[in-house]
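Trainee: predicted model and sequence follow; I will ask about them next.
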Amino acid sequence: MNDSKSLRSRIAQTVRDIPRSGIRDFFEIVSSREGVISLGIGEPDFVTPWHIREAAALALDRGVTSYTSNMGLLSLRRGISKYVEKKTGIAYNPEDEVLVTVGVSEGLDLAIRALIEPGDEVLYHEPSYVSYNPLIALAYGVAVAVETQKENGFRLTRAELEKKATPKTKVLLLNYPNNPTGAALSKEDVEEIAAFAIERDLIVFTDEIYDELTYDREHFSIISVPGMRERTIYLHGFSKAWAMTGFRMGFTCAPPELTEAMMKIHQYSMLCAPVLSQEASIEALKHAEKDIAYMKAEYKKRRNFIYASFKEMGIPCIRPEGAFYAFADISQFGMTAHEFSLKLLDEQNVACVPGTAFGACGEGFIRCSYATSLDEIKEAMVRIARFIEKL
Amino acid sequence: MGEIMNELLNLLKQNALESPGNLAKLLGISVDEVKAQIAEYEKSGVIRAYQAVVNEEKLDASLVTTVIEVKVTPESEGGFDRIADLISRFPEVESVYLMSGTFDLLLFIKGRTMHEAAGFVSEKLATLPGVTSTATHFMMKTYKQNGILMHTGEGDERLKVSP
């Protein structure tokens, strides 16, 4: 009876309904090829700074191999609290308002599962990170995409939010600086969105994993707006600015009631984040300012380069202000984003991610990550220029 | 602007052959600004030369690098400068530094054989008035030079495409 059709029919309907990630499909095609220059990678090309690796190794030498408190090591939570306060001016109590998670991915899953009941609507902006929509669906929520526009530099505006809000809207999910567009918000943008959230009495989830990586101005967090702290789950982690993706370290900051609710799910599903990663993160918070500044300066040069190169080629692209992605508009070539990406891979061995992997409104765009060495980026730009010349 | 120009120097130190066009793109300034600044650096002597970083071990007839610690008697006028300048003018000598610590000058010299290097020390260097003693070390292997790893190791192990 266990033929594959019968097995498939036993898979939960919600899971069957979730499409495979467009990134995964593309990954398989790219992986089958040799000598590809990839601008498709969503993680830093830097190795975790030495002293952070050393802290993890030292903890291992000391025999630190146990579980930790469900919430995470208190010393780490204290460090997180201090870090967030320094950045945003908002203080969270490390005892009951900070939760250490396995990456922001887990934090987001916890936030969604803790708050969303069947039929609750979650507003999120597209193009967006690939996991938002499926995670909402897995919690039986209704994911409502607000399409951001190239003309606005992919910034989310109150007018667009108003169009999609209903009485069932419970949560607004934000991600700025943004993956995949590289867009960032000004203080005024953030205040406008906060006013909307307060007026509609919404809970806000704000994924600020890229907040250290802004190139033209300081990041301004929505939790810094008066009246937002009490309705916001702030999500952050060590993967990007500290180049610690493989450590899988994230955290949430939220009022005690919300933190307790997330903690309940976390304790039964994850128990705690890995202790060695927590030890490494304590070090990361103490001594990594210079490392972050160095990596940011490198990304900035690459950002400048990739933006200038697209401009030179006549490919429109908003100037990325944060994260490490350029979202280039290839609609003039009369191909879908998928077709363009495949043809580019086929003819020039350069991998980019089709914009549609990040939502339907990503059609006509490709995401080019500049978290790769300058030499590779230079070669990729030469090849893309050669590619479009023949189109 | 000062910061950008420092960055320009860093980029040139990494790759002196980088085109003005690429440098301009990287720094977000114009090609003319890049060219003018490089000319200024050359004129003022901030940039002294452009050289290739060569992995000598890959060459059939690789050169022997010798590192020599030199103790000298400083002179009442000019201290170490006169003798350091004198030593710098030997064509075999690649670099000369004045050091703190147990010796005074540190030299890097290149020769075809150890014998040649030893000859330089005994015949030219040790006999200079003012040189009181020398200690000679032969360099055995170069792992990194001028910020460049000489043996490139493993490649990029990240997933080729990730969210």
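Mentor: That came in fine, so what should we check first? Bear in mind the structure is a predicted one, so any value in this text is a computation, not a measurement. Numbers count the residues shown, from 1 in each chain, chains lettered A, B, ... in the order given.
Trainee: what residues go with each domain of chain B?
Mentor: B:2-44, B:56-140 (automatic domain parsing).
Trainee: for A:Ile41, find the nearest of these.
Mentor: For A:Ile41, the closest of the domains of chain B is domain B:2-44, at 20.0 Å, according to C-beta to C-beta. Yep, even glycine has a C-beta here, placed from its N, CA and C like the rest.
Trainee: near chain A, anything from that closest one?
Mentor: Yes - using C-beta under 8 Å from any C-beta of the partner chain, domain B:2-44 comes into contact with chain A via B:Glu7, B:Leu11, B:Asn22, B:Ala24, B:Lys25, B:Leu26, B:Leu27, B:Gly28.
Trainee: pLDDT weak spots in chain B?
Mentor: B:153-154 (pLDDT under 70).
Trainee: ok, back up a step: possible to save the domains of chain B as TSV with mean neighbour count?
Mentor: Output for the domains of chain B, formatted as TSV (neighbours: other C-beta atoms under 10 Å in any protein chain shown):
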stretch	mean neighbour count
domain B:2-44	15
domain B:56-140	14
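Trainee: could I get the ones you listed as CSV with distance to A:Ser309?
Mentor: Below are the domains of chain B laid out as CSV (distance: least, C-beta to C-beta, whole Å):
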stretch, distance to A:Ser309
domain B:2-44, 6
domain B:56-140, 33
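Trainee: can you give me the buried ones in stretch A:45-62?
Mentor: By 16 or more other C-beta atoms under 10 Å in any protein chain shown, the buried positions in stretch A:45-62 come out as A:Asp45, A:Thr48, A:Pro49, A:Ile52, A:Ala55, A:Ala56, A:Ala59.
Trainee: what sits up against it?
Mentor: For stretch A:45-62, contacts defined as C-beta atoms under 8 Å, 6 or more residues apart in numbering or on different chains pick out A:242-244, A:246-247, A:275-277, A:279-280, A:282-284, A:287-288, A:291, A:295, A:298, A:371-373, B:156, B:158.
Trainee: buried among these? Make that a PyMOL selection.
Mentor: The PyMOL selection below is limited to those of the contacts of stretch A:45-62 classed as buried (16+ other C-beta under 10 Å):
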select buried, (chain A and resi 242+243+244+247+275+276+277+279+280+282+283+284+288+291+295+298+371+372) or (chain B and resi 158)
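Trainee: now tabulate the residues of domain B:2-44 next to chain A in CSV and tack on secondary structure.
Mentor: What follows is these, written out as CSV (DSSP: H, G, I helix; E, B strand; the rest coil):
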residue, secondary structure
B:Glu7, helix
B:Leu11, helix
B:Asn22, helix
B:Ala24, helix
B:Lys25, helix
B:Leu26, helix
B:Leu27, helix
B:Gly28, coil
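Trainee: could you point out which element follows the helix or strand of chain A with the lowest mean pLDDT?
Mentor: Least confident element among the helices and strands of chain A, by mean pLDDT, DSSP states H and E: helix A:22-31 (a mean of 85). Later in the chain than helix A:22-31, the nearest helix or strand by DSSP states H and E is strand A:37-38.
Trainee: quick revisit: mind listing which of the contacts of stretch A:45-62 are in helices?
Mentor: Here DSSP state H is the test, and the contacts of stretch A:45-62 give A:Val275, A:Leu276, A:Ser277, A:Glu279, A:Ala280, A:Ile282, A:Glu283, A:Ala284, A:His287, A:Asp291, A:Met295, A:Glu298 as lying in helices.
Trainee: nearest to chain B among the residues you listed?
Mentor: A:Glu298 (10.2 Å; C-beta to the nearest C-beta).
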